[in-house]
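**Student:** I would like to see how this sequence folds:
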Amino acid sequence: MSKLEKAIVAIVEVFEEYASTDDKKRQLTNAELSQLIKNQLSSPDFKDKIDKEDVQEALNKIDKNHDDQVNFREFSQCVALLAKGYFRKKHG
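**Tutor:** Numbering: from 1, shown residues only. Just a heads-up that it's a prediction; the model follows:
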């Protein structure tokens, strides 16, 4: 598999892993999202490669319809914002 294919599979698998802790397998609850962020975005190496403002922007925009659930579309948009922040920090 290519790097991009592996990245796509990883994003889907992370979402499914955390969304599967209750009966709504296609949504993340606030608790599931909190656990995902704690476990998947806590590396000091990553935190040095993205500005806190970019992380906060991504988190603020994640639940666009304000239903206290995060669907895969909302989650993938958040991941895209984090990638954009990483790119901006890396390339100025």
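
**Student:** show me where this structure has strands.
**Tutor:** For the chain, applying DSSP state E gives strands covering 27-29, 69-71.

**Student:** residue 15: which of the ones you listed is closest?
**Tutor:** strand 27-29 (7.1 Å; CB to CB). Placement of C-beta: from N, CA and C, glycine included.

**Student:** give the other helices and strands that the closest one contacts.
**Tutor:** If you count contacts as 3 or more CB pairs under 8 Å, 6 or more residues apart in numbering; DSSP states H and E, strand 27-29 packs onto helix 3-19, strand 69-71.

**Student:** average pLDDT for it?
**Tutor:** Mean pLDDT, computed over strand 27-29, is 89.

**Student:** excluding chain neighbours, give the residue nearest to the residue nearest the centre of the chain in space.
**Tutor:** Nearest to the mean C-alpha position of the chain, counting by CA atoms, centre = their mean, stands residue 79 at 4.3 Å. Once flanking residues are discounted, residue 79 sits nearest to residue 11: 5.7 Å by CB to CB, 6 or more residues apart in numbering.

**Student:** so how many other residues sit close to that neighbour?
**Tutor:** 16 (other CB atoms under 10 Å).

**Student:** next: residue 3.
**Tutor:** 7.
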